[in-house]
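Colleague: missing the sequence, but the structure's below:
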């Protein structure tokens, strides 16, 4: 009767033979290409030779640079997956910010929480329990990012046939935090601009003009800080949004030649008051010897400003009172709300903000308004009025 074939990634009985320096241990190993190979290791004793052979098989099946198997630990799987993310960044298909976010989530939460589990142990129940605890203790945003990372990792494992299906898909969906969109109203705009105008540090960080520009253009803070003078067309009255500023580990601040998505590449018309602001700043920049290939909102030494530092100063200036809710995104919401109030179609607002989907604009940047009574008029003739009996009918008949 023929001997049963070994499973992929397993080895058979260890055999020993004496050699001048001790012992040689041999075993058949069924490799991941389906071929069975004989592998051998030697040692001074049978035990040491066997241990070296077992260690070889262990490294073979659990390697983080080679194949992924059911025995691979999630912390090692995370490293393999991150290498693919970094490759995507190098090829320009993913943002450096995305890689930084995932790396932080993996280091701070995923590896400490479930990193010692092996792929075969990453069940729906275990992952769901981990994500639920993360949502309760840290928050839904962190839990959602961790779920995305785990899904990517175990999707990779599935492509290596280390799991039959991705268990992350069956974990509970993590609801979005239901923060109501908030735009600055006229009084708040006046108050905020007065506050940053009166604050010496805010002026040093360009917050008065930066706040106005972001409300005029509706751009993200990284896009605003990546705007160069060559992007401004004073004749056409537009600004080209083609870059964003990101900090990349080991490289520092970079002006990335593509914003958040392809739809983020856009030319935006600016209101006259914003063009006047930019003309004033351009006159000052020329006096300082700045070229067209320099930032509109440059640092004190003429280079790029760090978006994270700008956001930190905004948090510092807003204090803990009536502007505790304010972030740079509220300037974008203010832009969107002003256009919505003016009757601009949502599709055009989405194009202005650089959203690929109108639903993103509607759900995250526009307030839900009272429904126009005209909707009822459109339905008036849909059915006969049940409150009015037809001619000849009697109540109760």
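Modeller: Yep, it's here. What you are looking at is a predicted structure, and each value in this text was computed from that prediction instead of being measured.

Colleague: For residue 136, grab the count of nearby residues.
Modeller: 10 (other C-beta atoms under 10 Å). From N, CA and C alone the C-beta is placed, and that goes for glycine too.

Colleague: Please tell me how far it sits from residue 149.
Modeller: 18 Å (C-beta to C-beta, to the nearest Å).

Colleague: that's a strand at residue 267, yeah?
Modeller: Yes. Residue 267 forms part of a strand when assessed by DSSP: H, G, I helix; E, B strand; the rest coil.

Colleague: what about it, neighbour count?
Modeller: Using other C-beta under 10 Å, residue 267 is surrounded by 12 other residues.

Colleague: So what pairs up with it in the strands?
Modeller: residue 240 (DSSP bridges).

Colleague: and residue 293, how many neighbours does it have?
Modeller: Here the number of neighbours of residue 293 (other C-beta under 10 Å) works out to 8.

Colleague: ok so it is a helix residue?
Modeller: No. Under three-state DSSP, residue 293 sits outside any helix and is assigned coil.

Colleague: Tell me where the longest helix sits in the chain.
Modeller: When the chain is parsed with DSSP state H, its longest helix is helix 140-159.

Colleague: for that one, packing partners?
Modeller: helix 74-90, helix 96-105, helix 124-137 (3 or more C-beta pairs under 8 Å, 6 or more residues apart in numbering; DSSP states H and E).

Colleague: Of all those, which one is nearest residue 337?
Modeller: The closest of the helices and strands packed on helix 140-159 to residue 337 is helix 96-105. By C-beta to C-beta, the value is 26.3 Å.

Colleague: can you pull the buried residues of the helix or strand that comes right after the longest helix of the chain?
Modeller: Downstream of helix 140-159, the next assigned helix or strand under DSSP states H and E is helix 186-198. Under the neighbour-count criterion of 16 or more other C-beta atoms under 10 Å, helix 186-198 has 188-189, 192-193, 195-196 buried.

Colleague: Same question for stretch 306-322.
Modeller: 306-307, 310, 313-314, 317-318.

Colleague: Likewise for stretch 95-114?
Modeller: Here stretch 95-114 shows 95-97, 99, 102-103, 105-106, 109-111, 113-114 as buried, counting by 16+ other C-beta under 10 Å.

Colleague: Okay, now the unreliable bits of the stretch 151-300 of the chain?
Modeller: 177-181, 258-265 (pLDDT under 70).

Colleague: which residues touch residue 163?
Modeller: 70, 119-120, 122, 154, 157 (C-beta atoms under 8 Å, 6 or more residues apart in numbering).

Colleague: Try it again at 10 Å.
Modeller: Applying C-beta atoms under 10 Å, 6 or more residues apart in numbering to residue 163 gives the contacts 68-70, 119-120, 122-123, 154-157.

Colleague: out of the residues you listed, which are buried?
Modeller: Neighbour-count burial (16+ other C-beta under 10 Å) is assigned, among these, to 68-70, 119, 122, 154, 156-157.

Colleague: Can you lay out those residues as JSON lines showing distance to residue 21?
Modeller: Listed next are these as JSON lines, based on distance: C-beta to C-beta, whole Å:
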{"residue": "68", "distance to residue 21": "35"}
{"residue": "69", "distance to residue 21": "32"}
{"residue": "70", "distance to residue 21": "36"}
{"residue": "119", "distance to residue 21": "38"}
{"residue": "122", "distance to residue 21": "42"}
{"residue": "154", "distance to residue 21": "44"}
{"residue": "156", "distance to residue 21": "42"}
{"residue": "157", "distance to residue 21": "40"}
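
Colleague: Tell me how many other residues surround residue 71.
Modeller: So residue 71, with other C-beta under 10 Å, has 15 neighbours.

Colleague: now residue 235
Modeller: Counted with other C-beta under 10 Å, residue 235 comes out at 5.

Colleague: part of a helix, is it?
Modeller: No. According to three-state DSSP, residue 235 belongs to no helix; its state is coil.

Colleague: gap between the residue sitting nearest the centre point of the chain and residue 309?
Modeller: Central residue of the chain (C-alpha atoms, centre = their mean): residue 98, 5.0 Å from the mean position. Going from residue 98 to residue 309 by C-beta to C-beta gives 20 Å.

Colleague: same question, residue 18
Modeller: 69 Å.

Colleague: again with residue 14
Modeller: For residue 14, the distance to residue 309 - C-beta to C-beta - is 60 Å.

Colleague: Name the helix or strand for the closest residue to residue 331 other than its chain neighbours, please.
Modeller: Closest residue in space to residue 331, ignoring its immediate chain neighbours: residue 214 at 4.0 Å, by C-beta to C-beta, 6 or more residues apart in numbering. Using DSSP H and E, residue 214 sits in helix 207-217.

Colleague: orientation of that helix relative to helix 186-198 in degrees?
Modeller: 140 degrees (axes from the mean of the first three to the mean of the last three C-alpha atoms, to 10 degrees).

Colleague: so what does helix 207-217 touch, helix or strand wise?
Modeller: The contact analysis (3 or more C-beta pairs under 10 Å, 6 or more residues apart in numbering; DSSP states H and E) places helix 207-217 against helix 186-198, helix 200-204, helix 221-225, strand 238-241, strand 266-269, helix 272-287, helix 307-318, helix 328-341.

Colleague: closest one to residue 75 among those?
Modeller: Closest among these, once you apply C-beta to C-beta, is helix 307-318, at 27.6 Å.

Colleague: re the thing from before, closest to residue 30 among the buried residues of stretch 306-322?
Modeller: Closest to residue 30, out of all of those and judged by C-beta to C-beta, is residue 307, at 52.0 Å.

Colleague: Look up how far residue 208 lies from the closest one.
Modeller: Using C-beta to C-beta, residue 307 is found at 18 Å from residue 208.

Colleague: just residue 202 next, same as before
Modeller: Distance from residue 202 to residue 208, by C-beta to C-beta: 7 Å.

Colleague: Overlap in contacts, these two.
Modeller: Common neighbours of residue 202 and residue 208 (C-beta under 10 Å, 6+ apart) are 195-196.

Colleague: Spell out which residues make up each domain of this structure.
Modeller: 10-61, 74-170, 186-338 (the TED database).
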